[in-house]
Structures are given as structure tokens and as C-alpha cells.
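Participant: Fold the following for me, if possible:
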Amino acid sequence: MAELNLPILDLSQLDAGPEAAAAFRDDLRAATHDVGFFYLTGTGVTPELERRLHQAALDFFALPEGDKLAIENVKSPHFRGYTRIGGERTQGAVDWREQIDIGPEREAVGGGAAYNRLIGPNLWPDAQPELREVVAEWHAQLSGVARKLLRAWALALGAEETYFEQNFGDPSTLIKIVRYPGTHEPEPQQGVGAHKDSGVLTLLWVEPGKGGLQVERDGSWVDAPPVDGAFVVNIGELLEYATDGYLKATNHRVVSPQAPDERISIPFFFNPALDARLPLIDLPADLAVQARGVTKDPSNPIHALYGENALKSRLRAHPDVAAIHHADLVGASA
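Facilitator: Below is the predicted model of the structure:
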């Protein structure tokens, strides 16, 4: 399987006895120290749930434009709802995709830290009431997978198994249901530009048989094609921060498919509460000497407080929403 360019880990090993669990934790630590990405099988997420969510995604993007624009994200100060094609940016360049963003369903919060503006209700399409139900099932299943991974990471890094649970608070999750339409351009086009995720953990479901995801390894871009029954997992900037660079947040991007092909992908981001600050993990000596320090990039500062990282990301990605609802913050978190 070397041609896949990323390691494959089987989560079910954690329930296959002490030796198998220890081997999984070793592989998990190695994969995220060396690459920051891996494939994950054995999650317990059923093909039936995958099929239902995939169909819900296809149904949503097939809605008349008016139904989608009824929940356009420019109507949400919390960056929720539908983003039309070309409505999101990475590194200032337009991403060629459309999507719906779904976060924790909460009441809006007035005042306090600027990142509190990310808290609020979702926008759901009246024309597709079943979307909310299948997304809730997906959220519950993947939250369980994420918590299991975080417990394994904690042990693999020499911390208490509950390290992340103790410091996470009420998780800030985000589900993006994304469609990459095909392009007729002869050269590869930006579906989403090169970036690192701003939080802790991402679980990505990709439509079977559809490529386009690329990961940066040793200064070059390598393909990460989908693997049947597997999620693509990557860590974000907060895990790099919490381990002083022992674990690595890695640049990745998506190249648009060639028309008439298209691609559905559904990333699930599992992150701490907005007001949570992950303390540095006291790594064992043999790991600490391999810590590379946190990446220094003046154009992309990594904040210890998740809310500051998340707000930075959203203001950059959706300048139209920022200009309409958060003009006082534009430029402040760039």
C-alpha cells in the first residue's frame, strides 16, 4: 500500500488486547510525528450511514439555487449555512467549491471575547428537513471516534489518558458538507488552497473513488486517494502547539476534478471549547528531544486559545461575512 503515500491505521486494534492497543498507539504517534496525516479504518461507522449522508449531500446540492441561498452564510454572523461557489478563500485565493457549514446548535452569545461571535444557531434548508437528522447521527458517531483517538494520543505521548478530556471543555465541532464541481480548465485548479487546520483533529470522509486531496511531504505534494472504508485523519495547529512541534500540522490542498466529474467530501473538525487553552504536554525525554518547536509563520500565528485560532480562520476564509457582521474585527485577527 506504499503507493497511497500515507500510513493506514486500524482503530479496532484498541479493543484487540493490550499488545494490539500498544502497537496502535505507537503507529499513531509515529504517523502524526512524521506526516501529520493517516488513513483510519475500523471506526465502526457503517456503510449505511455513509450512504445516507452522501445521498443527503447530493440532494442538498441538487436543490434549486433559491433554496440554497435562503440559508446563505452571509445571513449568519456565526459563519453557518451555505457558501456559494467561489465564496470562500484560502491564502486570499478563491476556492472552487460550494458547501454548507454546520456547528454546535446553540443560542447566540452577546458580548465577551470576540470569538464568542462564532457561537450561535445553524441555518437548515426548509426544503430538506431530513438533512438535520442524518447530520446529528454523523456528529454523534464521529465524536465518539475522535474521543477514542484523543485518549490513544494522550497515552502515546506519555500523558494521562484523560489529558484531552480534562482540557477540552465542551467541544467546538464543525461539519462541512462540500461539493467540488468539475472544471474545464486544462491545468489543475484550486478546489481549496494549501492550508493547515486551525484546531486539534479532522476526520475526513471522501466520496469513494474520487481523488483530489494532496498532502505536503518533504516539500512536495503527494496524492492522498480515498481508501474504501477509511477516513483521512489529520491533526491541526493546536496539537502541534500542545506538543511543542513534536506532532506536525501539515499543509494540504484539494485540486478540482476535471468536468464533468465532481466530488463530495465531508470533513469533521473536533476541537476544544472556544475558551479552552491546551497546556503543553510534558513529553517523555526521548520524545521531547524530537520536538521541533511550533512553526513560526508571521502571516499565520498559532494561538494557544482555540477561539482565537478559530476566529482567525473564519475571518480569513469568509471576508464577505466578516465585512457584513464583523467590520470591527476585519484585520484584527489576520
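
Participant: Below-threshold pLDDT in the stretch 1-150 of the chain: ranges please.
Facilitator: Scanning the stretch 1-150 of the chain for pLDDT under 70 picks out 1-4.

Participant: let me fix that: the stretch 201-334 of the chain
Facilitator: 331-334.

Participant: again, only using 50
Facilitator: By pLDDT under 50, the weakly predicted segments of the stretch 201-334 of the chain are 333-334.

Participant: now the helices for it?
Facilitator: 237-242, 285-288, 306-317, 319-325 (DSSP state H, counting those that start in this stretch).

Participant: R29: helix or strand, and which one exactly?
Facilitator: Under the criterion DSSP states H and E, the helix or strand holding R29 is helix 18-34.

Participant: and that helix, what other elements does it pack with?
Facilitator: Secondary-structure packing of helix 18-34 (3 or more CB pairs under 8 Å, 6 or more residues apart in numbering; DSSP states H and E): strand 8-10, strand 37-41, helix 130-156. Placement of C-beta: from N, CA and C, glycine included.

Participant: Quick check: which of these is buried the most?
Facilitator: Each of the helices and strands packed on helix 18-34 was scored by mean neighbour count; the highest is strand 37-41, a mean of 22, by mean count of other CB atoms under 10 Å.

Participant: Okay, now the sheet partners of that strand, with direction.
Facilitator: According to DSSP bridges, strand 37-41 forms sheet pairs with strand 8-10 (parallel), strand 231-235 (antiparallel).

Participant: any idea which helix or strand comes after the helix or strand hosting V178?
Facilitator: Assigned by DSSP H and E, V178 belongs to strand 172-180. As assigned by DSSP H and E, the chain's next helix or strand after strand 172-180 is strand 190-195.

Participant: could you give the angle of that following strand to strand 172-180?
Facilitator: 140 degrees (axes from the mean of the first three to the mean of the last three CA atoms, to 10 degrees).

Participant: So which residues make contact with strand 190-195?
Facilitator: By CB atoms under 8 Å, 6 or more residues apart in numbering, the residues outside strand 190-195 that reach it are 88-91, 93-97, 180, 212, 216, 251-257, 263.

Participant: what about S220, how many neighbours?
Facilitator: Summarising burial for S220: neighbours were counted as other CB atoms under 10 Å, giving 8.

Participant: An error on my part: the question was meant for A56.
Facilitator: The number of residues near A56, taken as other CB under 10 Å, comes to 20.

Participant: Isn't it up against V134?
Facilitator: Yes - in this structure, A56 is within contact of V134 by CB atoms under 8 Å, at 5.0 Å.

Participant: so how far is D27 from the nearest residue in space to F37 that is not next to it in sequence?
Facilitator: In space, and not counting its chain neighbours, F37 is closest to N234: 4.6 Å by CB to CB, 6 or more residues apart in numbering. Going from N234 to D27 by CB to CB, to the nearest Å gives 15 Å.

Participant: who has more neighbours, those two?
Facilitator: Neighbour count, other CB under 10 Å: between N234 and D27, N234 has more, with 26 against 18.

Participant: K196: what's it in contact with?
Facilitator: G236, E237, A249, T250, N251, H252, N300 are the contacts of K196 under CB under 8 Å, 6+ apart.

Participant: Could you pull up phi and psi at it?
Facilitator: Taking degrees, to the nearest 10, you get phi -110, psi 150 for the backbone angles of K196.

Participant: mind checking pLDDT for it?
Facilitator: On pLDDT, K196 comes in at 89.

Participant: Tally up the residues packed near the closest residue to it other than its chain neighbours, please.
Facilitator: With CB to CB, 6+ apart as the criterion, K196 has its nearest non-adjacent residue at 4.4 Å, and that residue is A249. Neighbour count of A249, defined by other CB under 10 Å: 26.

Participant: for P319, same thing?
Facilitator: P319, neighbours per other CB under 10 Å, totals 14.

Participant: distance of it from T90?
Facilitator: In terms of CB to CB, P319 sits 12 Å off from T90.

Participant: Which helix or strand contains E50?
Facilitator: Going by DSSP H and E, E50 is part of helix 47-61.

Participant: Quick check: what element follows that helix along the chain?
Facilitator: Following helix 47-61 in sequence, per DSSP H and E, is helix 65-69.

Participant: What are the buried residues along that next one?
Facilitator: K68 (16 or more other CB atoms under 10 Å).

Participant: Report the distance from the helix or strand following that helix to the chain centre.
Facilitator: Going down the chain from helix 65-69, the next helix or strand is strand 81-83, by DSSP H and E. For strand 81-83, the separation from the chain centroid amounts to 17 Å (computed by CA atoms, centre = their mean, to the nearest Å).
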